[in-house]
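J.: Predicted model and sequence follow; I will ask about them next.
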Amino acid sequence: MAAERAAWVLATIEAAEGSAPRGPGAWMRVFANTVEGSVGGGALEHRAIARARAMLREGAGPGAGAETLTLPLGPDLGQCCGGRVRLRLEPGGDAGPLAAAEAAARPVAMIHGAGHVGRALAAALALLPVRTVVLDGRESELAQAPGAVERRLTALPEAEVAAAPAGAAHVVTTHDHGLDFLIATAALARGDAAYVGLIGSATKRARFERFARGRGVDPAPLVCPVGAMGGAGLADKRPAVIAAMVAAELMAAFAAARGG
(Lines give C-alpha, C1' and ligand atoms only; values in the text may rest on other atoms or scores of the structure.)
Protein backbone atom coordinates (compact mmCIF):
# COMPACT_ATOMS: atom_id res chain seq x y z
CA MET A 1 0.00 0.00 0.00
CA ALA A 2 2.85 2.42 0.74
CA ALA A 3 4.17 1.97 -2.79
CA GLU A 4 0.70 2.46 -4.23
CA ARG A 5 0.41 5.81 -2.43
CA ALA A 6 3.95 7.04 -3.14
CA ALA A 7 2.86 9.41 -5.92
CA TRP A 8 -0.37 11.24 -6.54
CA VAL A 9 -2.11 13.96 -8.50
CA LEU A 10 -4.21 16.51 -6.65
CA ALA A 11 -7.44 17.35 -8.51
CA THR A 12 -9.11 20.58 -7.41
CA ILE A 13 -12.23 22.32 -8.69
CA GLU A 14 -11.09 25.87 -9.49
CA ALA A 15 -14.39 27.12 -10.88
CA ALA A 16 -17.92 25.84 -11.40
CA GLU A 17 -20.69 27.39 -13.46
CA GLY A 18 -24.35 26.48 -13.52
CA SER A 19 -25.43 23.18 -12.02
CA ALA A 20 -22.38 21.23 -10.83
CA PRO A 21 -22.02 18.33 -8.37
CA ARG A 22 -19.43 20.17 -6.23
CA GLY A 23 -18.24 23.75 -5.97
CA PRO A 24 -14.83 25.46 -6.00
CA GLY A 25 -12.41 24.07 -3.45
CA ALA A 26 -13.62 20.47 -3.68
CA TRP A 27 -10.64 18.16 -4.11
CA MET A 28 -9.40 14.61 -4.35
CA ARG A 29 -5.99 12.97 -4.44
CA VAL A 30 -5.59 10.34 -7.11
CA PHE A 31 -3.07 7.55 -6.54
CA ALA A 32 -2.23 4.68 -8.86
CA ASN A 33 -4.78 2.37 -7.22
CA THR A 34 -6.74 4.45 -4.72
CA VAL A 35 -8.55 7.77 -4.45
CA GLU A 36 -8.93 10.09 -1.47
CA GLY A 37 -11.70 12.70 -1.44
CA SER A 38 -14.19 13.53 -4.19
CA VAL A 39 -14.94 16.21 -6.76
CA GLY A 40 -18.51 15.05 -7.26
CA GLY A 41 -18.55 11.52 -8.59
CA GLY A 42 -20.04 10.40 -11.88
CA ALA A 43 -18.49 10.92 -15.29
CA LEU A 44 -16.76 14.12 -14.17
CA GLU A 45 -14.80 12.32 -11.50
CA HIS A 46 -14.16 9.34 -13.78
CA ARG A 47 -12.61 11.65 -16.40
CA ALA A 48 -10.47 13.40 -13.78
CA ILE A 49 -9.20 10.11 -12.34
CA ALA A 50 -8.40 8.75 -15.79
CA ARG A 51 -6.33 11.81 -16.74
CA ALA A 52 -4.60 11.95 -13.34
CA ARG A 53 -3.53 8.32 -13.61
CA ALA A 54 -2.34 8.88 -17.15
CA MET A 55 -0.16 11.68 -15.77
CA LEU A 56 1.24 9.28 -13.17
CA ARG A 57 2.01 6.68 -15.82
CA GLU A 58 3.77 9.37 -17.83
CA GLY A 59 6.05 9.91 -14.86
CA ALA A 60 4.66 13.18 -13.56
CA GLY A 61 5.87 13.88 -10.05
CA PRO A 62 6.04 16.73 -7.53
CA GLY A 63 7.03 19.93 -9.27
CA ALA A 64 5.83 18.82 -12.69
CA GLY A 65 3.55 21.15 -14.56
CA ALA A 66 -0.12 21.23 -13.63
CA GLU A 67 -2.88 20.70 -16.16
CA THR A 68 -6.32 22.25 -16.42
CA LEU A 69 -9.42 20.47 -17.67
CA THR A 70 -12.55 22.42 -18.56
CA LEU A 71 -15.45 19.99 -18.72
CA PRO A 72 -19.02 20.80 -19.81
CA LEU A 73 -21.43 18.72 -17.75
CA GLY A 74 -23.75 17.86 -20.59
CA PRO A 75 -24.08 15.26 -23.31
CA ASP A 76 -20.30 14.96 -23.81
CA LEU A 77 -19.94 13.51 -20.32
CA GLY A 78 -23.33 11.84 -20.19
CA GLN A 79 -24.40 14.01 -17.26
CA CYS A 80 -27.57 16.04 -17.02
CA CYS A 81 -26.21 18.78 -14.72
CA GLY A 82 -25.79 21.29 -17.52
CA GLY A 83 -23.01 23.26 -15.87
CA ARG A 84 -19.30 23.58 -16.46
CA VAL A 85 -16.34 22.74 -14.20
CA ARG A 86 -12.69 23.76 -14.40
CA LEU A 87 -10.35 21.22 -12.78
CA ARG A 88 -6.70 21.72 -11.89
CA LEU A 89 -4.58 18.55 -11.90
CA GLU A 90 -1.32 19.05 -10.00
CA PRO A 91 1.21 16.22 -9.54
CA GLY A 92 2.15 15.92 -5.88
CA GLY A 93 -0.05 18.87 -4.95
CA ASP A 94 -0.45 19.70 -1.26
CA ALA A 95 -3.93 18.82 0.01
CA GLY A 96 -3.11 19.99 3.54
CA PRO A 97 -4.41 23.58 3.27
CA LEU A 98 -7.57 22.38 1.52
CA ALA A 99 -8.23 19.76 4.18
CA ALA A 100 -7.56 22.30 6.93
CA ALA A 101 -9.99 24.79 5.36
CA GLU A 102 -12.65 22.10 5.13
CA ALA A 103 -12.14 21.12 8.77
CA ALA A 104 -12.31 24.75 9.93
CA ALA A 105 -15.56 25.28 8.07
CA ARG A 106 -17.29 22.29 9.63
CA PRO A 107 -20.23 23.14 11.92
CA VAL A 108 -20.04 21.98 15.53
CA ALA A 109 -22.48 19.53 17.11
CA MET A 110 -22.37 19.28 20.91
CA ILE A 111 -23.92 16.05 22.19
CA HIS A 112 -24.64 16.40 25.90
CA GLY A 113 -24.84 12.87 27.27
CA ALA A 114 -22.95 9.74 26.24
CA GLY A 115 -25.71 7.22 26.83
CA HIS A 116 -27.19 4.93 24.18
CA VAL A 117 -28.73 7.69 22.06
CA GLY A 118 -25.80 10.07 22.48
CA ARG A 119 -23.30 7.44 21.36
CA ALA A 120 -25.49 6.37 18.43
CA LEU A 121 -25.78 9.99 17.31
CA ALA A 122 -22.03 10.46 17.62
CA ALA A 123 -21.49 7.41 15.40
CA ALA A 124 -23.93 8.78 12.81
CA LEU A 125 -22.32 12.23 12.77
CA ALA A 126 -18.82 10.76 12.54
CA LEU A 127 -19.64 9.94 8.91
CA LEU A 128 -20.70 13.52 8.13
CA PRO A 129 -18.78 16.80 7.63
CA VAL A 130 -19.44 17.89 11.21
CA ARG A 131 -17.13 18.48 14.17
CA THR A 132 -18.78 16.35 16.84
CA VAL A 133 -18.15 16.79 20.56
CA VAL A 134 -19.60 14.36 23.12
CA LEU A 135 -19.77 15.57 26.72
CA ASP A 136 -20.56 13.67 29.91
CA GLY A 137 -19.60 13.61 33.56
CA ARG A 138 -19.43 9.80 33.56
CA GLU A 139 -16.04 8.57 32.39
CA SER A 140 -17.27 4.99 31.81
CA GLU A 141 -20.01 6.13 29.41
CA LEU A 142 -17.82 8.66 27.65
CA ALA A 143 -15.18 6.02 27.00
CA GLN A 144 -17.70 4.13 24.84
CA ALA A 145 -18.20 7.04 22.41
CA PRO A 146 -16.77 6.51 18.91
CA GLY A 147 -13.10 7.28 18.61
CA ALA A 148 -13.70 9.48 15.56
CA VAL A 149 -15.36 12.20 17.67
CA GLU A 150 -14.07 14.52 20.38
CA ARG A 151 -14.84 13.42 23.94
CA ARG A 152 -14.96 15.76 26.93
CA LEU A 153 -15.30 14.68 30.54
CA THR A 154 -16.97 17.56 32.37
CA ALA A 155 -18.83 18.25 35.58
CA LEU A 156 -19.90 21.70 34.33
CA PRO A 157 -21.84 21.24 31.09
CA GLU A 158 -23.27 24.76 31.33
CA ALA A 159 -19.72 26.13 31.08
CA GLU A 160 -19.18 24.04 27.93
CA VAL A 161 -22.37 25.52 26.48
CA ALA A 162 -21.15 29.03 27.25
CA ALA A 163 -17.79 28.32 25.56
CA ALA A 164 -19.30 26.74 22.43
CA PRO A 165 -18.86 28.60 19.13
CA ALA A 166 -21.75 30.61 17.71
CA GLY A 167 -23.90 28.55 15.37
CA ALA A 168 -23.23 25.28 17.16
CA ALA A 169 -25.94 22.66 17.59
CA HIS A 170 -26.75 21.31 21.05
CA VAL A 171 -28.42 17.92 21.44
CA VAL A 172 -29.30 17.15 25.07
CA THR A 173 -29.55 13.46 25.88
CA THR A 174 -28.31 13.07 29.47
CA HIS A 175 -29.46 10.54 32.07
CA ASP A 176 -31.00 13.23 34.30
CA HIS A 177 -34.06 15.37 33.48
CA GLY A 178 -32.93 18.18 35.75
CA LEU A 179 -29.55 18.30 34.04
CA ASP A 180 -31.27 18.16 30.64
CA PHE A 181 -33.29 21.23 31.55
CA LEU A 182 -30.26 23.20 32.77
CA ILE A 183 -28.23 22.47 29.63
CA ALA A 184 -31.09 23.14 27.19
CA THR A 185 -31.96 26.41 28.94
CA ALA A 186 -28.33 27.55 28.79
CA ALA A 187 -28.15 26.74 25.07
CA LEU A 188 -31.39 28.57 24.29
CA ALA A 189 -30.35 31.57 26.39
CA ARG A 190 -27.35 32.14 24.09
CA GLY A 191 -29.68 32.97 21.21
CA ASP A 192 -27.18 31.96 18.52
CA ALA A 193 -27.42 28.16 18.35
CA ALA A 194 -28.25 26.56 15.01
CA TYR A 195 -30.23 23.90 16.84
CA VAL A 196 -31.19 23.06 20.41
CA GLY A 197 -32.77 19.65 20.82
CA LEU A 198 -33.94 17.75 23.87
CA ILE A 199 -34.67 14.04 23.92
CA GLY A 200 -38.06 13.33 25.44
CA SER A 201 -41.78 13.54 24.84
CA ALA A 202 -44.54 16.11 24.52
CA THR A 203 -45.01 15.90 28.29
CA LYS A 204 -41.33 16.57 28.91
CA ARG A 205 -41.46 19.52 26.55
CA ALA A 206 -44.40 21.01 28.44
CA ARG A 207 -42.50 20.67 31.72
CA PHE A 208 -39.41 22.22 30.14
CA GLU A 209 -41.37 25.18 28.78
CA ARG A 210 -42.53 26.06 32.29
CA PHE A 211 -38.97 25.66 33.57
CA ALA A 212 -37.47 27.88 30.87
CA ARG A 213 -40.07 30.62 31.12
CA GLY A 214 -39.51 30.71 34.87
CA ARG A 215 -35.94 31.66 34.08
CA GLY A 216 -36.80 34.25 31.45
CA VAL A 217 -35.84 32.06 28.47
CA ASP A 218 -38.05 31.60 25.40
CA PRO A 219 -38.53 27.84 24.87
CA ALA A 220 -40.05 28.20 21.38
CA PRO A 221 -36.89 27.32 19.38
CA LEU A 222 -36.45 24.03 21.27
CA VAL A 223 -36.79 20.81 19.26
CA CYS A 224 -38.44 18.24 21.52
CA PRO A 225 -38.81 15.39 20.98
CA VAL A 226 -35.70 15.20 18.80
CA GLY A 227 -35.83 13.12 15.65
CA ALA A 228 -39.48 13.80 14.95
CA MET A 229 -38.65 15.70 11.72
CA GLY A 230 -41.45 18.20 12.21
CA GLY A 231 -43.95 15.50 13.12
CA ALA A 232 -43.07 13.32 10.13
CA GLY A 233 -40.59 11.13 11.99
CA LEU A 234 -40.71 7.39 12.54
CA ALA A 235 -42.39 5.95 15.61
CA ASP A 236 -39.23 3.99 16.33
CA LYS A 237 -37.32 4.61 19.53
CA ARG A 238 -34.27 2.44 18.88
CA PRO A 239 -31.15 4.58 19.47
CA ALA A 240 -29.72 4.06 15.98
CA VAL A 241 -33.00 5.09 14.33
CA ILE A 242 -33.38 8.15 16.55
CA ALA A 243 -29.77 9.04 15.74
CA ALA A 244 -30.40 8.87 12.00
CA MET A 245 -33.40 11.17 12.28
CA VAL A 246 -31.59 13.65 14.53
CA ALA A 247 -28.59 13.70 12.18
CA ALA A 248 -30.95 14.68 9.35
CA GLU A 249 -32.43 17.44 11.52
CA LEU A 250 -28.97 18.77 12.33
CA MET A 251 -27.82 18.86 8.71
CA ALA A 252 -31.01 20.73 7.76
CA ALA A 253 -30.46 23.19 10.63
CA PHE A 254 -26.84 23.81 9.65
CA ALA A 255 -27.88 24.39 6.02
CA ALA A 256 -30.57 26.85 7.10
CA ALA A 257 -28.12 28.68 9.36
CA ARG A 258 -25.73 29.28 6.47
CA GLY A 259 -28.52 30.33 4.15
CA GLY A 260 -29.08 27.02 2.35
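T.: Done, it's in.
J.: From the contact counts, what lies against the biggest helix by length in the chain?
T.: What stands out as the longest helix in the chain, according to DSSP state H, is helix 239-257. Counting contacts by 3 or more Cβ pairs under 8 Å, 6 or more residues apart in numbering; DSSP states H and E, helix 239-257 is packed against helix 116-125, strand 169-172, strand 195-198. Bear in mind the C-beta positions are built from the backbone N, C-alpha and C, glycine included.
J.: ok, which stretches of the stretch 1-150 of the chain are strands?
T.: With DSSP state E, counting those that start in this stretch as the definition, the stretch 1-150 of the chain shows strands at residue ranges 9-17, 27-30, 35-37, 67-72, 84-91, 108-112, 131-136, 150-153.
J.: Mind checking those strands for the one nearest to A162?
T.: Taking Cβ to Cβ as the criterion, A162 comes closest to strand 108-112 out of these, the separation being 11.4 Å.
J.: Model confidence score at the residue nearest to E150 when sequence neighbours are not counted, please.
T.: With Cβ to Cβ, 6 or more residues apart in numbering as the measure, V133 is the residue that lies nearest to E150, at 4.6 Å, once sequence neighbours are left out. V133 is assigned a predicted lDDT (pLDDT) of 97.
J.: now do P75
T.: Predicted confidence (pLDDT) at P75: the value is 59.
J.: what's the answer for L98, then?
T.: On pLDDT, L98 comes in at 87.
J.: Would you mind stating the distance between it and R51?
T.: Distance, L98 to R51, by Cβ to Cβ, to the nearest Å: 19 Å.
J.: what bits of the chain have low per-residue confidence?
T.: Low-confidence regions of the chain, defined here as pLDDT under 70, cover residues 1-6, 61-63, 74-82, 229-234, 260.
J.: Need phi/psi at the residue of the chain positioned farthest from its centre.
T.: For the chain, the C-alpha lying farthest from the average C-alpha position belongs to E58; by Cα atoms, centre = their mean, that distance is 37.2 Å. E58 adopts backbone torsions of phi -80, psi 0, taken as degrees, to the nearest 10.
J.: Measure how buried the residue nearest to E150 is and give me the count.
T.: Counted with other Cβ atoms under 10 Å, the burial measure for V133 works out to 20 neighbours.
J.: List the residues that contact it.
T.: Contact criterion Cβ atoms under 8 Å, 6 or more residues apart in numbering gives V108, A109, M110, I111, V149, E150, R151, R152 as the residues in contact with V133.
J.: go on, A166?
T.: The neighbours of A166, taking Cβ under 8 Å, 6+ apart as the test, are R190, D192.
J.: G113 reaches H170, doesn't it?
T.: No. Counting by Cβ atoms under 8 Å, G113 stays clear of H170, with 10.8 Å between them.
J.: what about P146, neighbour count?
T.: Around P146 there are 17 residues (other Cβ under 10 Å).
J.: Then A252?
T.: By the criterion of other Cβ under 10 Å, A252 has 14 neighbours.
J.: wait, I242 sits on V117?
T.: Yes. If you go by Cβ under 8 Å, I242 and V117 touch, sitting 5.5 Å apart.
J.: Need the residues touching each of these two.
T.: Taking Cβ under 8 Å, 6+ apart as the criterion, I242 and V117 both touch I199.
J.: Let me see the domain layout of the chain.
T.: In terms of domains, the chain is parsed into 9-101, 106-257 (source: automatic domain parsing).
J.: Need the winner for burial among those domains.
T.: domain 106-257 (a mean of 18; mean count of other Cβ atoms under 10 Å).
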